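Participant: Predicted structure and sequence below. I'll ask about it afterward.
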Amino acid sequence: MNQHFFYILPGSIMKSFYKHLLLFINPIYVNQSNHNKRIFFFIVKQLFKGNYSVYFFLFVMNFTIRLYAQEIGMPSTLPNVRYHLTSRPWIPLNISENTYLDKVEGLVRRTVNFQDSNGAIIDPYENNEMQYATPYFANAIATLISAGRASDLLDEGVSAMNKATTDVAEGASSIPDNHGEFFLAPLAVAIPLYAPYVSTSQIQIWRTRMSIPVNKIIRGRTHNWRTYAMKGEWYRAKYGFIQKDKAVNWIEDSWINTQKSRLINNLWNFYHDSTSNPDTWPYESAARSNLLAMVADGYDGASQGDILNILMKGTQSSLLYQDPSGQGVAGGRSGNHTWNDLVLANSFETMAEIAFNQGDTLLAGQYRHAAALGFQSVQRWQRSDGTYSVTKNHFDPQIRNRYAGYSFFTNYNGYMMYHIAENYLRHRTAIAEKPAPNEIGGYTIVSDTSLSTAIANAGGMHIEVCMRGSTDLNNDLYWTTLGVVRFARPGWDSRLGPSDGIRETKSGLGISFAPTFLENNNWVRLASLPERYEAFFSTQFTHPLLVRCRINYKPKRGQTGPTFTNDFIIIPDGILSILTSSTTNYGITWPILTFDGTSYLNYHLTSHIASTSFSNESDQQNFIALHSSPTITATDTTRRSSYGDLLPVRMISGTDSNITFIYPRNIQDPDADSVQKSFIRKGNDFTSILGSVKGNIYIGRTSAGGEASTIDLNNDSTAEATFDTTTGFLMQLQMGEITKIETDRAVTAIVYGQTINLQPYTPVDIHNPQKVIITNVLASADDGNVAFNTIDRKYNTRWSAQEDSQWIRYSFDTIEVIKTVKVAWYRGNERKAYFIIQSSLDSTNWTTLYTGHSSGQTTHFEPYHLTPAQARYLRIVCNGNSMNSWNAITEVEFIKEDEYFIDPTQVTKAR
């Protein structure tokens, strides 16, 4: 916080007010240049010199904040992401209520083996009852039985209830590890669930035990623990165990005096636990989820509306921080525990129902899908016996890899069963899923300096930046690593990203995607130097398919060392990283996951590429050096992170800049070697087998768009679409053809010769009337890759045949006048294909229309323009390629004579 402003505000009241104002402004202010900070300071000083009312002052400040938010590049609409279309094909996950129950039951049936004769859940690794394992187990069984499952476990559930409620009745000192705050909600909710299955006298015993004053149960901490107590106190009041007015008064006092300030001290209404430095993301999610559940379940105190409004913004903001594989943010105390993703999903399930009831079906669908992503995410760390690893790896629990001192097997598996059960109970309405913001992209977002985390996302390609690293141990761990700690994308295993960096406790050595430099004849990594370095994040351009942003790494005040600038160009396919420095002896660290506790990954190093993948999965992460002769070194020791062992690979470019393309791929994508060989860069523009970036336009395999008034998808000097004004737009593509379009303003467009009036953020289906319908296909030969594969609309199938004069023939129902033939050649970026195009009216007499070869530069469609010719049949006669005698075509498309030439002068203005 920049408290040097305080001298202009005499008086303790104004200082207090200004302090809170600065906390609110801080995420904007800290990212400004010194010049902008001076302007900002001048505005504030002038306002305070005047006799303005508080309301007018806040209005002006709000305007100023919005102005600066736009200046630093974050979309001004955040946390709203207004586009709807995704860069990749999207399908809902449709996690059913029964799927939730299946996981709860699996956990419960394994955990029942740990129950002793008194009903307590005994941790098999600690040989003791740990924290809240028993009440969470009791709640999970109640949920299952109420859903018509696990009735054979009723006795075990009752036994756990008796143990846990007795502990509550005897007061805080009798509750395991003095965790009374965590007992209230699960036990209060469980009692009515058990009521139809146990005697009235049993229910009354539990109700009596649960009626003692809250201050005799809880430890009284005012960070996230208080939100557990507030949630539990409301449920006790709701179900009649305690007097409602007393409960509400206590909750109101807790909100006003201990909780509200933790949420409103920052632009995004994120919860601040203030128990680690940087602050903790897991408890941001947990505390907010607790308060949200309390309000959703009927809390009606005076602050209800205030609480809900603040939580709604905070929860919508957190959608932007969730990665597209469903993980919560890395960083802060208790980070990378498996429960992190699930408790975030809790808040999304709750908000899905709230948004739906408020009539916002789009936002409700985004929340429902984000909740499903979070639930799906944690399944990666489920163990074979139905339990879950405590932290995100598969090491033996006895090793306690990256556990905090309070992390135990049974309490955190209890956390899993309780919160999955909560998801089941919350998931009431049939809400149609919608793509989550992290799958759409087009934004950067920067937290305040306490949480110190930036996110950038284009088309689902997601990076997380920790701008400060932990400098002090907390529970014997450094929780936050300086640098880029996560790369993720939709439909891909983000563990490979990696999903977090590491700074070891004993050595203090760290690994992240960040600069490394030579100092005193030793290579040092910035991830190891959080005491000396910090990062500053800025944004240059945002669009759902293209984001440009920058990290500046600088020594802290009083520290010395070289400076670094890391520019990123993010597209749906990957990230171009351009690193420069004030020193000459520097490089970049590529973090490579090599072992997750049970599986040794397949990792490989070549002259230009470092890659890693799980042996049983098709997903792969690749770091590609875009230099002629880079030096790639992997001689340092692996360091054990929450996800497993990370190998720091050093890449030195030998040039003034250090350029890496980060390429997360799956089996349908081109291999990394093909990407590296095809990559051509000119300034900030580049092309590869994956697609291209030119100015503010991205063209890929499944989407294209940016900001422009026209777009030429296949670089044939013919625009497929023209707009009557420069606009932001996003197109979904199938085999290079536009299938949907969305713009950010009202425009008139001509697409494939059709005039379309487009409204802001309203996707429209597009059909190409010039495309010829192919009714049959036949080939002279094949090797098992048949002719039909060339019209199946898939890039990963092909027709193949060997030797010259092999042909493939296409038939039409009627005579068509063909002007353009488009061919996607298999391995078309590696070799030139030699071919002839012929037409016929009877399949006997053939006329040659075109003789030539492919470019050898792309696997996408290449158009071959013909003199218009009538045809009932069209064939391509293939004569091998520049490397061998094989002929192979991935896909074809034919365009009628009315080829879509768009004359921009003929586009009329929108009315």
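Facilitator: Arrived safely. Numbering: from 1, shown residues only.

Participant: in the stretch 651-800 of the chain, which spans are helices?
Facilitator: Taking DSSP state H, counting those that start in this stretch as the test, the helices found in the stretch 651-800 of the chain are 672-678.

Participant: hang on, residue 164 packs against residue 183?
Facilitator: Yes: at 6.1 Å, residue 164 counts as touching residue 183 under the criterion of C-beta atoms under 8 Å. Backbone N, C-alpha and C define where each C-beta goes, glycine included.

Participant: quick one: common contacting residues for these two?
Facilitator: Taking C-beta atoms under 8 Å, 6 or more residues apart in numbering as the criterion, residue 164 and residue 183 both touch residue 135.

Participant: what about residue 404, how many neighbours?
Facilitator: 18 (other C-beta atoms under 10 Å).

Participant: For it, which non-adjacent residue is spatially closest?
Facilitator: The spatially closest residue to residue 404, leaving aside those adjacent along the chain, is residue 475, at 4.1 Å (C-beta to C-beta, 6 or more residues apart in numbering).

Participant: Can you tell me the closest non-neighbouring residue to residue 674?
Facilitator: Using C-beta to C-beta, 6+ apart, the closest residue to residue 674 is residue 689 (5.4 Å).

Participant: For the one you found, grab phi and psi.
Facilitator: Phi and psi for residue 689, reported as degrees, to the nearest 10, are phi -60, psi -20.

Participant: Kindly report the same for residue 193.
Facilitator: phi -70, psi -30.

Participant: Same check on residue 501?
Facilitator: Torsion angles, degrees, to the nearest 10, at residue 501: phi -90, psi -160.

Participant: which secondary structure element contains residue 201?
Facilitator: Taking DSSP states H and E as the definition, one finds residue 201 inside helix 200-209.

Participant: Where does pLDDT dip in this structure?
Facilitator: For the chain, the stretches with pLDDT under 70 are 1-72, 898-911.

Participant: In it, which residue is most central in space?
Facilitator: By C-alpha atoms, centre = their mean, the chain has its centre lying nearest to residue 323, at 1.8 Å.

Participant: Might you report the residue contacts of the closest residue to it other than its chain neighbours?
Facilitator: Sequence neighbours aside, residue 488 is the residue nearest to residue 323 in space, at 4.1 Å (criterion: C-beta to C-beta, 6+ apart). When contacts are counted by C-beta under 8 Å, 6+ apart, residue 488 touches 323, 324, 325, 327, 461, 462, 494, 497, 499, 664.

Participant: Adjacent strands (with direction) for the host helix or strand of residue 849?
Facilitator: For residue 849, the host element (DSSP H and E) is strand 847-853. Strand 847-853 has the following sheet partners, assigned by DSSP bridges: strand 833-840 (antiparallel).

Participant: picking up where we left off before, could you pull up the residues touching the residue nearest to the centre of the chain?
Facilitator: 438, 462, 464, 486, 488, 494, 499 are the contacts of residue 323 under C-beta under 8 Å, 6+ apart.

Participant: helix, strand or coil for it?
Facilitator: Taken by DSSP: H, G, I helix; E, B strand; the rest coil, the conformation at residue 323 corresponds to coil.

Participant: hmm, back to that, what about the residue nearest to residue 674, how many residues nearby?
Facilitator: With other C-beta under 10 Å as criterion, residue 689 counts 23.

Participant: re earlier: comparing residue 164 and residue 183, which residue is more hemmed in?
Facilitator: Comparing residue 164 with residue 183 by other C-beta under 10 Å, the one with more neighbours is residue 164, at 31 against 28.

Participant: Am I right that the more buried one falls within a helix?
Facilitator: Yes: according to three-state DSSP, residue 164 belongs to a helix.

Participant: any idea how far residue 705 is from the residue nearest to residue 323?
Facilitator: Distance, residue 488 to residue 705, using C-beta to C-beta, to the nearest Å: 21 Å.

Participant: quick revisit: just the contacts of residue 323: which are in strands?
Facilitator: 462, 464, 486, 488 (DSSP state E).

Participant: Tell me who's in contact with the third one.
Facilitator: Applying C-beta under 8 Å, 6+ apart to residue 486 gives the contacts 323, 327, 330, 462, 463, 464, 494, 497, 498, 499, 500.

Participant: Excluding chain neighbours, what is closest to residue 616?
Facilitator: Per C-beta to C-beta, 6+ apart, closest to residue 616 is residue 599, 7.6 Å.

Participant: pretty sure that neighbour is in contact with residue 380, am I right?
Facilitator: No: assessed by C-beta under 8 Å, residue 599 is found out of contact with residue 380, at 11.5 Å.

Participant: of these two, who's got more company?
Facilitator: Taking other C-beta under 10 Å, residue 599 and residue 380 do not tie; residue 380 has more neighbours (21 against 14).

Participant: What residues does that one make contact with?
Facilitator: Here residue 380 is in contact with 392, 493, 495 (criterion: C-beta under 8 Å, 6+ apart).

Participant: For the second one, give me its contacts.
Facilitator: It stands for residue 493. So residue 493 contacts 325, 380, 614, 617, 619 (C-beta under 8 Å, 6+ apart).

Participant: Try it again at 6 Å.
Facilitator: By C-beta atoms under 6 Å, 6 or more residues apart in numbering, residue 493 lies in contact with residue 619.

Participant: next one: the one 5 residues further on
Facilitator: Applying C-beta under 6 Å, 6+ apart, one finds that residue 498 lies in contact with 591, 593.

Participant: roughly how far apart are it and residue 120?
Facilitator: From residue 498 over to residue 120 (counting by C-beta to C-beta), the distance is 38 Å.

Participant: got it, and residue 830?
Facilitator: Applying C-beta to C-beta to residue 830 and residue 120 gives a distance of 65 Å.

Participant: can you check residue 577 too?
Facilitator: Residue 577 is 52 Å from residue 120, by C-beta to C-beta.

Participant: go on, residue 861?
Facilitator: For residue 861 relative to residue 120 (C-beta to C-beta), the value is 66 Å.

Participant: Now do the domain split for the chain, please.
Facilitator: Split into domains by automatic domain parsing, the chain comes to 3-71, 97-434, 447-467+507-682, 701-767, 776-896.

Participant: Now do the closest residue to residue 726 other than its chain neighbours: how many residues are near it, please.
Facilitator: If the residues on either side of it in the chain are set aside, residue 726 comes closest to residue 709, at 4.8 Å by C-beta to C-beta, 6+ apart. A count of neighbours around residue 709, defined by other C-beta under 10 Å, yields 17.

Participant: what's the burial count for residue 362?
Facilitator: 12.

Participant: same thing with residue 284?
Facilitator: 29.

Participant: repeat for residue 465
Facilitator: Residue 465, neighbours per other C-beta under 10 Å, totals 25.

Participant: Could you list the buried residues of stretch 471-484?
Facilitator: 471, 474, 477, 478, 479, 480, 481, 482, 483, 484 (16 or more other C-beta atoms under 10 Å).

Participant: Pull the most distant pair out of the residues you listed.
Facilitator: Taking C-beta to C-beta, the two most distant members of the buried residues of stretch 471-484 are 474 and 484; they sit 22.1 Å apart.

Participant: Doesn't residue 552 lie inside a strand?
Facilitator: Yes: Residue 552: assigned to a strand according to three-state DSSP.

Participant: OK, contacts around it?
Facilitator: Residue 552 neighbours (C-beta under 6 Å, 6+ apart): 536, 565.

Participant: ok, now how distant is it from residue 807?
Facilitator: Distance from residue 552 to residue 807, by C-beta to C-beta: 59 Å.

Participant: and if you look at residue 610?
Facilitator: Relative to residue 807, and taking C-beta to C-beta, residue 610 is found at 43 Å.

Participant: next one: residue 759
Facilitator: From residue 759 to residue 807 the distance is 47 Å (C-beta to C-beta).

Participant: now do residue 752
Facilitator: 29 Å.

Participant: Nearest residue to residue 725 in space, ignoring adjacent ones along the chain?
Facilitator: Closest residue in space to residue 725, ignoring its immediate chain neighbours: residue 747 at 5.9 Å, by C-beta to C-beta, 6+ apart.
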